[in-house]
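Novice: Provide a 3D model corresponding to the input given below.
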Amino acid sequence: MLLPMVTVLAFILAAVPAGPIRLPDAPGTPPLTRIEGPGQNPPSDRDGDYLVGPNYLASPDYERKPGVPSGAIHRLVFKSEDSHFYPGITRVPPGSPASYFPHDWTQIRRYPKPWTRTIVVYVPAQYKSGTPAPILITQDGPDNRLPGLLDNLIAQGRLPAMAAIMIPNGGGDAQGSERGLEYDTVSAKYAEWIEAEVLPRVESECGIRVTRDPDGRATLGSSSGAAAALTMAWFHPEWYHRVVSYSGTFVNQAWPPDAATPHGAWEYHAHLIPDNPPKPIRIWMEVGDRDLLTRPDGYHDWVVANNRMAAVLKAKGYHHQYLFALNATHSDRAVREQTMPEALEWVWRGYQPSRR
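Specialist: Residues are numbered from 1 along each chain as shown. The predicted structure follows:
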């Protein structure tokens, strides 16, 4: 059975309390355009910073529409023993409970822990054999509602006929975990693992040809999975141009520390984006007013981090759309189910099919 991405994240974050309520007019928050009414989203053809909520309605685009063809679903099993990138780690010493975390996180140690994960691949009914398929990579997959949503949006012509590659994380969460290593590390490694070990099997076992055009590749995630989505595009813009981020972990979760990015993904809005020429990245972002604040050290406030991201993206001239969601917690399911169709439509705006 496929678990929705939000369900997987709910298990991971079950012990993490909601953050304090942050006001949409607090210092540091970009000026927000109010979108009134439950179920109402910003226009899918506009950049900018928006305020939504506090009440949400799941989009009718998730409901199965009569006559809409269903895409094919493939399942590919991956094992750490076959990976040249990720042999598998845990911070939990042998014999300790799975919830183990040292009182001082700087004392984390790494222990081996093999992983097995099943990557789920959706291929749209409209795909024509031999043609280069645009793709959407999702973190913390699979999401059992995404294929039906894509069926509807592709049939309506709101999205290209793209494949979705839903990749589970390698296990655990935060510093010292395999998930944390993959998602919170600010480097090219995670994207290179997908390029070298995931996409070749998708092509050989799912009967599709993946486009090499970066404008035809999007990546999506929530929490640390959203940080990973941006990291993929930042370090390899020749592979990815489109990013969707829910409650992005643009804070200091990286472990082990790296002198090049001493504050982990906080460096995106502190230095990496402001201090570098703009990259051809189009990014949709959301944060909740009750999003996480996990450590009072100045580098672990998700709302502040996402507000700063919106500001630096605008200053550098990036195409971005940012939603500040009222009455919304970390990776909020209600917000996601209202906004996902328009988020995907916005991030794919301007796409032209390529022969590459």
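
Novice: ranges for the strands of the stretch 1-150 of the chain?
Specialist: Along the stretch 1-150 of the chain, the segments classed as strands by DSSP state E, counting those that start in this stretch run 33-34, 48-52, 72-79, 89-90, 111-112, 116-123, 132-133, 135-139.

Novice: TSV for the ones you listed, including mean neighbour count?
Specialist: The way it works is simple: take the backbone N, C-alpha and C, and place the C-beta from them, glycine included. Converted to TSV, the strands of the stretch 1-150 of the chain look like this (neighbours: other Cβ atoms under 10 Å):
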stretch	mean neighbour count
strand 33-34	10
strand 48-52	21
strand 72-79	15
strand 89-90	23
strand 111-112	12
strand 116-123	20
strand 132-133	19
strand 135-139	24
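
Novice: I119 contacts I73, correct?
Specialist: No - shown here, I119 and I73 do not form a contact pair, counting by Cβ atoms under 8 Å, at 11.3 Å.

Novice: how far away is W239 from D61?
Specialist: With distances taken as Cβ to Cβ, to the nearest Å, W239 is found 28 Å from D61.

Novice: list the contacts for V244?
Specialist: V244 is in contact with A218, T219, L220, G221, A226, A229, I283, W284, A343, L344, V347, counting by Cβ atoms under 8 Å, 6 or more residues apart in numbering.

Novice: who does it form a beta bridge with?
Specialist: When bridges are taken as DSSP bridges, the partners of V244 come out as L220, W284.

Novice: before we move on, the earlier item: out of the strands of the stretch 1-150 of the chain, which gets nearest to N327?
Specialist: Among the strands of the stretch 1-150 of the chain, the nearest to N327 by Cβ to Cβ is strand 48-52 (9.8 Å).

Novice: list the buried residues for the host helix or strand of W346?
Specialist: Taking DSSP states H and E as the criterion, W346 maps to helix 333-347. Going by neighbour count (16 or more other Cβ atoms under 10 Å), the buried part of helix 333-347 is 333-347.

Novice: widest-spaced pair of the contacts of V244?
Specialist: Pairwise distances across the contacts of V244 (Cβ to Cβ) peak at 14.3 Å, for the pair A226 and L344.

Novice: do a quick rundown of the helices in this structure.
Specialist: Using DSSP state H, the helices of the chain run over 5-12, 146-155, 178-184, 189-193, 199-206, 224-235, 267, 302-315, 333-347.

Novice: show me the one of those that comes nearest D49.
Specialist: helix 302-315 (5.5 Å).

Novice: grab the nearest non-local neighbour of S245.
Specialist: Leaving aside its sequence neighbours, S245 sits nearest to A226 (Cβ to Cβ, 6 or more residues apart in numbering; 3.7 Å).

Novice: would you agree the one you found is in contact with S247?
Specialist: Yes - with contact defined as Cβ under 8 Å, A226 counts as touching S247 (6.6 Å).

Novice: Y86 and S177: what is the separation?
Specialist: 12 Å.

Novice: more neighbours: those two, which one.
Specialist: Neighbour count, other Cβ atoms under 10 Å: between Y86 and S177, S177 has more, with 26 against 17.

Novice: you'd agree the more buried one is up against R91?
Specialist: Yes - using Cβ under 8 Å, S177 makes contact with R91 at a distance of 6.2 Å.

Novice: show me what contacts W234?
Specialist: Going by Cβ under 8 Å, 6+ apart, the list of residues near W234 reads Y268, L272, K279, I281.

Novice: quick one, what contacts the residue nearest the centre of the chain?
Specialist: The residue lying closest to the centre of the chain (Cα atoms, centre = their mean) is G221, at 1.4 Å. The contact partners of G221, by Cβ under 8 Å, 6+ apart, come to T138, Q139, D140, Y183, A227, A228, A229, V244, S245, Y246, G248.
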